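Chemist: Got a predicted structure plus its sequence, pasted below:
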Amino acid sequence: MLPLDPQADIGRRAWVPCPHCDDSHGCATCEQGRTCADHWRYLLSNTGSLLHLQCPACAHVWDHETGFGATRSGWRRTTSGLPRT
């Protein structure tokens, strides 16, 4: 099992099912989409709507795209001249 990330802070949490251990399966509160006191994840960081999470139960680290708010766009960086169309 991986150790907790140094950025893991109980003050920054998210309620997203863990794709590794699925510990929230069968929890009535989680299945209703409510914030459960037991099945939260560390919110390590975010980039727009992309969350970087870690599960406190199994220490699995993964990214989760919420699709909410400031979503990441597929923009292309222009390195020289005008962008190609």
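Modeler: It's in.

Chemist: Partner strands of the longest strand anywhere in the chain, with direction?
Modeler: Among the segments of the chain that qualify as a strand by DSSP state E, the longest is strand 41-47. In the sheet, strand 41-47 lines up against strand 13-14 (antiparallel), strand 50-54 (antiparallel) (DSSP bridges).

Chemist: ranking those strands by burial, who's on top?
Modeler: Of all the strands paired with strand 41-47, strand 50-54 has the most neighbours on average by mean count of other Cβ atoms under 10 Å, namely a mean of 19. All C-beta spots, glycine's among them, are computed from the backbone N, C-alpha and C.

Chemist: After it, which helix or strand is next?
Modeler: Next along the chain after strand 50-54, taking DSSP states H and E as the criterion, comes strand 61-65.

Chemist: elements contacting that following strand?
Modeler: Under the contact criterion of 3 or more Cβ pairs under 8 Å, 6 or more residues apart in numbering; DSSP states H and E, strand 61-65 touches strand 50-54.

Chemist: Compute the inter-axis angle for the strand it packs on and strand 61-65.
Modeler: Counting by axes from the mean of the first three to the mean of the last three Cα atoms, to 10 degrees, strand 50-54 points 150 degrees away from the direction of strand 61-65.

Chemist: now the most centrally placed residue in the chain, nearest residue through space, not along the chain?
Modeler: Nearest to the geometric centre of the chain sits residue 51, at 3.3 Å (Cα atoms, centre = their mean). Residue nearest to residue 51 in three dimensions, not counting chain neighbours: residue 64, with 4.6 Å by Cβ to Cβ, 6 or more residues apart in numbering.

Chemist: Lovely, talk soon.
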